[in-house]
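Chemist: Return a 3D structure for these sequence lines:
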Amino acid sequence: MTFKTDQLPDYMQRVVIEKAELDDKIAKLAAFVDAHPQGATDISGHELLENQLDVMRMYSKVLGMRLDLFTTTKTEE
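Modeler: Below is the predicted model:
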């Protein structure tokens with residue numbers, strides 16, 4: 001889903017930017033976790049990193065749902 005952020009109210013722009021930044025962080029963390037499977041290195045807290053990734057993905061999904069709501073609401077106006 002793409003938005004022209006300059007045409008959105010400030011609060012919607014912030015959600016678009018926040019989701020984009022979060023999705024970038026998710027991609028980086030997922031790549032790190034995949035490259036360092038548990039037990040393959042001495043990385044402590046690997047399970048915590050996996051939990052963090054799950055929560056970040058859930059948060060991204062919620063932000064996506066909010067963006068969908070913006071689109072639906074804007075179309076109905």
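Chemist: When you work out contacts or count neighbours from here on, use the C-alpha atoms and nothing else.
Modeler: Noted.
Chemist: quick one: residue 38 and residue 49 touch, right?
Modeler: No: counting by Cα atoms under 8 Å, residue 38 sits too far from residue 49 to count as a contact (10.3 Å).
Chemist: remind me, longest helix of this protein?
Modeler: Determined from DSSP state H, the single longest helix within the chain is helix 46-76.
Chemist: for it, packing partners?
Modeler: When contacts are defined as 3 or more Cα pairs under 8 Å, 6 or more residues apart in numbering; DSSP states H and E, helix 46-76 packs onto helix 10-35.
Chemist: Show me the shaky parts of the protein.
Modeler: Flagging of the chain using pLDDT under 70 yields the residue ranges 1-5, 40-43, 74-77.
Chemist: ok, 50 please
Modeler: Judged by pLDDT under 50, the chain has no weakly predicted residues.
Chemist: distance of residue 27 from residue 17?
Modeler: Distance of residue 27 to residue 17, computed by Cα to Cα, to the nearest Å: 16 Å.
Chemist: now residue 46
Modeler: Residue 46 is 28 Å from residue 17, by Cα to Cα.
Chemist: So between the two, which is more surrounded?
Modeler: residue 46 (16 against 12; other Cα atoms under 10 Å).
Chemist: can you pull the contacts of the more buried one?
Modeler: 33, 37, 38 (Cα atoms under 8 Å, 6 or more residues apart in numbering).
Chemist: Secondary structure class of residue 37, three-state.
Modeler: Under DSSP: H, G, I helix; E, B strand; the rest coil, residue 37 falls in the coil class.
Chemist: Please name the residues that touch residue 33.
Modeler: Contacts for residue 33 (Cα under 8 Å, 6+ apart) come out as 46, 49, 50.
Chemist: Turn those residues into TSV, including distance to residue 73.
Modeler: Output for the contacts of residue 33, formatted as TSV (distance: Cα to Cα, whole Å):
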residue	distance to residue 73
46	41
49	36
50	35
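Chemist: And the longest helix of the chain, what's buried?
Modeler: For helix 46-76, the neighbour count (16 or more other Cα atoms under 10 Å) marks 46, 49, 50, 53, 56, 57, 60, 63, 64, 67 as buried.
Chemist: I'm done for today, thanks for sticking with me.
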